[in-house]
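1. I would like the atomic coordinates for the input below:
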Amino acid sequence: MSSEDLTFEDILKHIDRESEHFVVRLETHHRSGREVTVVEPHRLTKDESSLRELARQLKEALGTGGDVEDGRIVLHGEQRTKTRDELVKLGFNEENIELI
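-> Numbers count the residues shown, from 1 in each chain. Predicted structure coming up:
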């Protein structure tokens, strides 16, 4: 696909991915008591459907379970480094992914 084929919407999506900021942290899940990796988008305006799609992509790439809870992606296990690497592969800017 050449740059002439890109729609305005495609360009906005690309800019959105480059400017998106995530905090990726390890937590103990409040219900199960197990370790989970939480991916929290900085922008609270992230719509539920795009967050669910991103969660699906991460779960598939990492070979783990998880879900979207309270506007955050919760992945089973300690997956912080792998999650950052996958987000970069998906087009997000590495400098905008904070590991805690």
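
2. quote the end-to-end distance of stretch 68-86.
-> 17 Å (C-alpha to C-alpha, to the nearest Å).

3. and the contacts of it?
-> 24-26, 29, 34-41, 44, 46, 48, 51-52, 54-55, 57-59, 61-62, 64-67, 94, 97, 99 (C-beta atoms under 8 Å, 6 or more residues apart in numbering). Any C-beta I mention is one placed from the backbone N, CA and C, and that applies to glycine too.

4. the longest helix along the chain packs against which elements?
-> Longest helix in the chain, counting residues (DSSP state H): helix 48-62. Under the contact definition 3 or more C-beta pairs under 8 Å, 6 or more residues apart in numbering; DSSP states H and E, helix 48-62 sits against strand 35-41, strand 66-69, strand 72-76, helix 80-89.

5. next, the buried residues of that helix.
-> 51, 54-55, 58-59, 62 (16 or more other C-beta atoms under 10 Å).

6. how far does whichever strand or helix holds Val24 sit from the chain's center?
-> Applying DSSP states H and E as the criterion places Val24 in strand 22-28. Taking the mean of its C-alpha atoms, strand 22-28 sits 11 Å from the chain's own mean (C-alpha atoms, centre = their mean, to the nearest Å).

7. what's the weakest-modelled helix or strand in this protein?
-> helix 8-19 (a mean of 55; mean pLDDT, DSSP states H and E).

8. run through the chain and note the low-pLDDT ranges.
-> Applying pLDDT under 70 to the chain flags residues 1-19, 43-46.

9. picking that back up, can I get the helices and strands packed on helix 48-62 in a markdown table with mean neighbour count and distance to Glu20?
-> Converted to a markdown table, those look like this (neighbours: other C-beta atoms under 10 Å; distance: least, C-beta to C-beta, whole Å):
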| stretch | mean neighbour count | distance to Glu20 |
| --- | --- | --- |
| strand 35-41 | 21 | 7 |
| strand 66-69 | 16 | 16 |
| strand 72-76 | 20 | 13 |
| helix 80-89 | 17 | 9 |
